[in-house]
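Student: Give me a model of this one.
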Amino acid sequence: MTQPAPPTVPVPPDHPDPDRPDRPCVTELRLAAFTTHRRAAFPLGPFTLLAGRSGSGKTSALRAYEALARLGGGAELGAAFPDPVACVPERARPDAQRRRGFRIGCTADGPAGPVRLDVAVQAEPELRVVGERLTADGLILLETALRDPGKRAVQAAWHTAGPTPVTRGPLPDDRLGTALLPLRVAGTTLGQRRVLAAAEQMVVALRSAFACDPQPALMRGPVQAGSGRLLGGCGNLADVLWRTRTECGRRHAQFVAAARSGCAGPVTDVLARLNDDGTVAAAVDRGNGLHTDLGRLGHGELRYLAFALVLLTGPGVLEVDPAGEVPAALQTLTILADGFDRGLDPRQQRQLLGLAARMCRRGHIRLVGAVGDGSCAEGTEGVTVVHLDRD
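Tutor: Numbers count the residues shown, from 1 in each chain. Sure thing, here's the model as predicted:
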């Protein structure tokens, strides 16, 4: 099984543009044909909210981003799209060979400039990549196509700009070719180095993503002590609180301040204790010896606390796969927050939006969240609201 090479630091141009981000980041998500989306393009800033009614496609857009992130980290198609048929547009008709599929893409900006990635995936009769294109400044740096359906490979061509303008060769049809380029491109010509810089920028921009949708039902009782890395459903919140409370007093103090702003009643601390049976339980300290177990908190309070903890921590605490070979100063963690306003009262929404805006302004965290009503962001500086409602 072919594995992607570890990404290296993207090669900056000889004269870096001061307006370019120094950390690679995804600035646009494109859903050319994906579930309910057709020819859709969503601009993504440091803090972006996808707003719309139920059924407008907010969750599917986040799932497309998460799938691209998995592919950028080297995952197989089946891991990135566990239910690929559900990704096919509703009215898509199969061709004469009974084939149906979907198309998604994104743009990553950074030291190498804006780089576009577009991927065509066949979902039926079998899951495979049938086309991929990586471009920058209108120049095709990588292009793949399925030439022989009987072979589990696509024909790839990448920019060389040497004695041979283009190099051709096969790539697997179950992985993202962009993530495999460091294994195939020598980097001996200027053109090859440009291809590597663009591919590595795309991989770094995509790779560190954390999909989060807190599930209060999983957060109420004690949990088994584990790695202390928060899962996407936040069911192990108590275990993570045990770790962060003992390892980082400053971060924990910020979390307690956020809890004080978003929870009903007085909050002097948020405690975690290790039980004799190896489980960890958490509680809110109300002062004067009164503790409230997490199980007694409201649905909205638990979601609020979970999102606050996600925003105040980083890749070392969240269950993500960061590009470990790239210096932290060049990485950005992207939080994909489904139901960012679900179950929250107006005060909790304001507090959480303010916290997210402050954290995103620092540059090492970006957030793409789904909300039902974009008006909740009014008055919050630095938020990009993308309305998905269809007439």
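
Student: quick one: the helices in the stretch 51-200 of the chain?
Tutor: 58-72, 77-80, 177-184, 190-207 (DSSP state H, counting those that start in this stretch).

Student: ditto for the stretch 201-350 of the chain
Tutor: If DSSP H, counting those that start in this stretch is used as the criterion, the helices of the stretch 201-350 of the chain fall at 216-219, 237-247, 249-262, 299-312, 346-361.

Student: who wins for proximity to Gly74 among those?
Tutor: Closest to Gly74 of the helices of the stretch 201-350 of the chain, according to Cβ to Cβ: helix 299-312, at 24.0 Å. The way it works is simple: take the backbone N, C-alpha and C, and place the C-beta from them, glycine included.

Student: roughly how far is the closest one from the heart of the chain?
Tutor: Here helix 299-312 is found 18 Å from its chain centre; the criterion is Cα atoms, centre = their mean, to the nearest Å.

Student: what's the pLDDT at Gln3?
Tutor: pLDDT, Gln3: 50.

Student: for Arg207, that is, sorry about that
Tutor: On the pLDDT scale, Arg207 gets 89.

Student: doesn't Ala75 make contact with it?
Tutor: No: assessed by Cβ atoms under 8 Å, Arg207 is found out of contact with Ala75, at 10.3 Å.

Student: picking that back up, just name the most buried of the helices of the stretch 201-350 of the chain.
Tutor: Highest mean neighbour count among those (mean count of other Cβ atoms under 10 Å): helix 299-312, with a mean of 24.

Student: what sits up against it?
Tutor: By Cβ atoms under 8 Å, 6 or more residues apart in numbering, the residues outside helix 299-312 that reach it are 210, 212, 214, 216, 219-220, 230, 234, 237, 240-241, 244, 251, 254-255, 258-259, 262-264, 270, 294, 297, 318, 335, 337, 339-340, 342-345, 348, 351-352, 355-356, 359, 365, 367.

Student: low pLDDT regions in this structure?
Tutor: The chain contains residues with pLDDT under 70 at 1-19, 321-330, 390-391.

Student: where do the strands sit along the stretch 101-250 of the chain?
Tutor: 115-124, 128-136, 139-145, 153-159, 166-172, 209-212, 223-224 (DSSP state E, counting those that start in this stretch).

Student: Can you list the strands that the shortest one pairs with?
Tutor: Yep, that's strand 223-224 we're talking about. Strand pairing for strand 223-224, determined by DSSP bridges: strand 279-287 (antiparallel).

Student: The strand it pairs with: how far from the chain's middle?
Tutor: 30 Å.

Student: do stretch 345-358 as well
Tutor: Remark: stretch 345-358 is offset 21 Å from the chain centroid, using Cα atoms, centre = their mean.

Student: what comes into contact with that stretch?
Tutor: Applying Cβ under 8 Å, 6+ apart, the external contacts of stretch 345-358 come out as 47, 258, 261-262, 300-301, 304, 307-308, 311-312, 340-341, 344, 367, 369, 376-377, 380-383.

Student: cutoff 6 Å now
Tutor: Contacts of stretch 345-358 from elsewhere in the structure, counted by Cβ atoms under 6 Å, 6 or more residues apart in numbering, are 47, 258, 261-262, 300, 304, 307, 311, 341, 367, 376, 380, 382.

Student: list the contacts for the closest residue to Val383 other than its chain neighbours?
Tutor: Nearest residue to Val383 in three dimensions, chain neighbours excluded: Ala377, at 4.4 Å (Cβ to Cβ, 6 or more residues apart in numbering). Neighbour list for Ala377: Leu49, Val383, Val385 [criterion: Cβ under 6 Å, 6+ apart].

Student: helix/strand/coil for the last one?
Tutor: This means Val385. strand (DSSP: H, G, I helix; E, B strand; the rest coil).

Student: how close does it get to Gln331?
Tutor: Distance from Val385 to Gln331, counting by Cβ to Cβ, to the nearest Å: 26 Å.

Student: Could you do the first one as well?
Tutor: Using Cβ to Cβ, Leu49 is found at 23 Å from Gln331.
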